[in-house]
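# let me see the structure of the following:
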Amino acid sequence: MGKTMNIKKAVVYVFLSLLAFLCLFFFYCLIINATRSHPEISKGFSFIPGKSFGSNLYNVLHNKNLPVVYGIVNSLLIAGSSAALAVYVSALTAYAIHAYEFRLRNAVYLFIVLIMMIPNQVTTLGFLRLIGKMGLMDSFVPLILPSMAAPVVFYFMVSYFESNLPLEIIESARIDGSHEFYTFNMIVIPIVKPALAVQGIFAFVASWNNYFVPSLVLKSNAKKTLPILIAQLRSADFLKFDMGQVYMLITIAIVPVAIIYLCLSKFIIGGVTAGSVKG
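Here you go, the predicted structure:
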């Protein structure tokens, strides 16, 4: 029996090691190509880093057609604001569904969950017409404010509240004279902090990688985000095309996401596990 268990563990470890290698190998390829020049990349892949990291970084940051620094700042502003709004408003909405009893409670919950099934592409045309009439084209506002309507985050937070937030805590706070917003901000948020961190990561990454809607809304070069700049650099004229710059720009775009994952990784497993089990 013990020998069988050891064999099963060995198979699992081998499989997980292979899976980790496949995941990390493509990041390794990306970083290696970011250190090589365009002619070197054209010759094929190499496991040995090149000597063009500094020149690729300089060329990307000083590209007159691509305001990369503005793109980094714009992406950070949009992704950070969108993640904060999505997490806070969705948690507040989930708290209302969890803590209050009202007639249309189940209908509201069902309606929000059904919105999850509607792709963003379906509503894009109407969305563009609306912000055009409001004079919000080429602005960050239509990329940030709508993020507060995040049904996926709402659904996760409702599940997390049901398994980790007893109603007795809320009722005790009310008996002690605590106002509802004070209860939510000072009592509920510290309890559900792991779930907020997890959903904050996912919301940030989704907004950071979003290309479709920003490419339709943003027109000024100084307001474009990194995914738009990467697409522009990738589709440049053949004579001006530089694969070294492309890989360097993609590497720059990945760095903030990697940093956030490393800083908040301890919340991911615990938050997802607790939110997926209802007690």
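# how about residue 112, nearest residue that isn't a chain neighbour?
With sequence-adjacent residues excluded and distances taken as C-beta to C-beta, 6 or more residues apart in numbering, residue 112 is closest to residue 151, at 5.1 Å. Just so you know, the C-beta spots here come from the backbone N, C-alpha and C atoms, and that holds for glycine as well.
# what about the protein, any weak spots by pLDDT?
Where the chain drops to pLDDT under 70, the residues are 1-2, 236-240, 267-279.
# circling back to that earlier point, mind listing what the residue nearest to residue 112 touches?
By C-beta atoms under 8 Å, 6 or more residues apart in numbering, the contact set of residue 151 is 90, 112, 113, 115, 116.
# so how far is residue 90 from the closest residue to the fourth one other than its chain neighbours?
Going back to what we said before, that points to residue 115. Of all residues not flanking residue 115 in the chain, residue 151 sits nearest, at 4.6 Å (C-beta to C-beta, 6+ apart). Separation of residue 151 from residue 90 (C-beta to C-beta, to the nearest Å): 8 Å.
# pull stretch 249-257 out as CSV, backbone CA atoms only.
Coordinates of the C-alpha atoms in stretch 249-257 are reproduced here as CSV (Å, rounded to 0.1, in the frame of the first residue of the first chain):
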residue,chain,number,x,y,z
LEU,A,249,7.7,45.9,-24.7
ILE,A,250,5.9,42.6,-23.9
THR,A,251,8.4,42.0,-21.1
ILE,A,252,7.7,45.5,-19.7
ALA,A,253,4.0,44.8,-19.9
ILE,A,254,4.3,41.6,-17.9
VAL,A,255,6.5,43.0,-15.1
PRO,A,256,3.7,44.9,-13.1
VAL,A,257,1.4,41.8,-13.3
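# what comes up buried for that stretch?
Neighbour counts over stretch 249-257 (16 or more other C-beta atoms under 10 Å) mark 249, 250, 251, 252, 253, 254, 256 as buried.
# tally of neighbours for residue 9?
By the criterion of other C-beta atoms under 10 Å, residue 9 has 10 neighbours.
# how close does it get to residue 22?
Distance of residue 9 to residue 22, computed by C-beta to C-beta: 20 Å.
# secondary structure and distance to residue 183 for the buried residues of stretch 249-257 - can I get that in TSV?
Output for the buried residues of stretch 249-257, formatted as TSV (DSSP: H, G, I helix; E, B strand; the rest coil; distance: C-beta to C-beta, whole Å):
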residue	secondary structure	distance to residue 183
249	helix	46
250	helix	44
251	helix	44
252	helix	42
253	helix	40
254	helix	39
256	helix	34
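# wait, which of these is closest to residue 163?
Taking C-beta to C-beta as the measure, residue 163 sits nearest to residue 256 out of these, at 31.3 Å.
# my guess is the closest one meets residue 209, correct?
No. Counting by C-beta atoms under 8 Å, residue 209 is not a contact partner of residue 256; they are 11.1 Å apart.
# which of the contacts of residue 151 count as buried?
90, 112.
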